[in-house]
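Asker: Build me a structure from this.
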Amino acid sequence: MIAWNFFDKDSVIKGFEALYNVNREQLCAVVNSLKESENPTADFLNTFPLELDVISIEDVYLHCKHITTTIDNLSSFEKYGFLTLNKMFKYKTPLNDFLNDNDIFVDLENKTLTYCGKTLYIVESDEECKECFYNSSCKHLKSIFSDNEPLSYRDMACSFREAIKCYRSKIYDDNGEIEVHLSGSYDDVHEYSTVKYYPEILYTIERMINQLFNEKISLTSKWRELANGKYYCMDFDVNINQFEYITKIPRFEFSWYIPFLDYCKNCYSALDEVNANFLGNLFLIYYGLEVLIGNVFVLYGQLYPDVFISKDDIKITEFNV
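Answerer: Prediction:
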């Protein structure tokens with residue numbers, strides 16, 4: 001296992017030593033010369049020519065931080081482990097119980113959310129509504145521009161379809177995946193969004209219900225009261241191949257990668273031909289050099305929905321809000 005912790009400079013140095021066979025003295029000397037560079041990654045590779053497509057990243061693990069709250073003193077975490085958002089809706093968890101206590105029921109398989117007996121059908125952007133939320137014929141089939149507007153127009157024009165977009169995106173487009181911090185200052189991690197007060201999905205559901213039912217429910221404040229001013233930071237390591245947008249999908253503009261094809265053992269005529277090693281190594285070198293140069297940056301990661309993280313591999317630290 002080769003651990004890369006972008007929150008810790010020494011860990012990054014050890015990562016370079018283990019993966020790229022560059023000793024600490026050589027690395028530090030080169031890093032000093034890169035502080036004014038417009039492209040540190042290219043200059044590094046000019047100094048230490050590497051075969052990016054054959055240096056295996058299979059044993060590389062990235063250090064993650066995740067902020068969360070609880071209203072059950074972590075008992076459900078001890079029972080189920082670290083769950084994705086969607087799995088929280090499938091098990092008897094504090095989140096699910098809390099929503100049910102507020103007369104909200106989520107059915108992932110049937111793509112519905114029921115509030116006070118009224119069922120919302122969470123349709124995709126390219127899917128016709130199962131029934132009109134407003135109990136009428138669709139008012140957006142026609143417009144001043146056309147007598148037969150496409151779904152793409154109705155998805156923007158209809159207030160119901162507009163209201164469900166954020167919820168639909170989190171639950172179905174992103175599959176409720178676990179999001180983590182891979183780099184950033186203390187404030188970048190601990191002050192991110194609302195997560196140290198309540199789960200983001202509660203704000204999403206609260207906002208959707210308030211928009212559609214013209215009510216003022218306050219799920220977020222209720223949860224915050226139950227959390228008793230406590231929140232938790234989870235620290236754990238995850239294999240680099242278990243992240244989206246690192247080893248399968250380029251994070252940067254395609255043009256940025258093209259010059260680095262010269263640092264491959266094999267010949268590639270297009271970027272879609274490269275392997276995970278190529279993308280993963282460039283990710284590590286780029287952000288690793290940023291750490292060593294002294295730049296503080298925010299970096300997020302998104303885990304694939306089937307990734308399992310054992311509770312025994314997680315360090316949990318309690319904080320006061």
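Asker: Give me the residue ranges of the stretch 101-250 of the chain where confidence is low.
Answerer: The stretch 101-250 of the chain contains residues with pLDDT under 70 at 147.
Asker: Walking through it, point out its strands one by one.
Answerer: Remark: strands assigned in the stretch 101-250 of the chain by DSSP state E, counting those that start in this stretch are 104-107, 112-115, 118-121, 179-183, 230-239.
Asker: For these, give me TSV that also has mean neighbour count and distance to Asp59.
Answerer: No exception for glycine: its C-beta is placed from N, CA and C like everyone else's. Formatted as TSV, these follow (neighbours: other Cβ atoms under 10 Å; distance: least, Cβ to Cβ, whole Å):
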stretch	mean neighbour count	distance to Asp59
strand 104-107	17	38
strand 112-115	17	42
strand 118-121	15	45
strand 179-183	21	18
strand 230-239	18	8
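Asker: who wins for proximity to Lys222 among those?
Answerer: Closest to Lys222 of the strands of the stretch 101-250 of the chain is strand 104-107 (Cβ to Cβ; 11.7 Å).
Asker: Give me the secondary structure label for the residue nearest to Phe82 when sequence neighbours are not counted.
Answerer: Distance criterion Cβ to Cβ, 6 or more residues apart in numbering; nearest residue to Phe82, sequence neighbours excluded, is Ile309 at 4.5 Å. Classification of Ile309 by DSSP: H, G, I helix; E, B strand; the rest coil places it in coil.
Asker: what's the pLDDT at Ile309?
Answerer: Looking at Ile309, its pLDDT stands at 91.
Asker: Please report how far the residue nearest to Lys265 when sequence neighbours are not counted lies from Ala270.
Answerer: Nearest residue to Lys265, sequence neighbours excluded (Cβ to Cβ, 6+ apart): Glu51, at 4.2 Å. Relative to Ala270, Glu51 is positioned 19 Å away (Cβ to Cβ, to the nearest Å).
Asker: Comparing those two, which residue is more hemmed in?
Answerer: More crowded of Glu51 and Ala270, by other Cβ atoms under 10 Å: Glu51, with 13 against 9.
Asker: The closest residue to Ile240 other than its chain neighbours pairs with what?
Answerer: Nearest residue to Ile240, sequence neighbours excluded (Cβ to Cβ, 6+ apart): Val60, at 4.5 Å. For Val60, the beta-bridge partners under DSSP bridges are Ile2.
Asker: Which residues are in contact with Val60?
Answerer: Listed by Cβ atoms under 8 Å, 6 or more residues apart in numbering, the contact set of Val60 reads 2, 4, 15, 19, 239-240, 280, 284.
Asker: Out of the residues you listed, which comes closest to Glu162?
Answerer: The shortest approach to Glu162 among those belongs to Ile240, at 37.2 Å (Cβ to Cβ).
Asker: my read: that closest one touches Tyr61, true?
Answerer: Yes: the pair Ile240 / Tyr61 is scored as a contact, 6.9 Å apart, by Cβ atoms under 8 Å.
Asker: what do these two both touch?
Answerer: Taking Cβ under 8 Å, 6+ apart as the criterion, Ile240 and Tyr61 both touch Trp4.
Asker: Of those two, which one has the most company?
Answerer: Shown here are Ile240 and Tyr61; by other Cβ under 10 Å, Ile240 has more neighbours (23 against 19).
Asker: List the residues that contact that one.
Answerer: 4, 57, 60-62, 246-247, 280, 283-284.
Asker: so Gly280 is in which element?
Answerer: Per DSSP states H and E, Gly280 falls inside helix 276-293.
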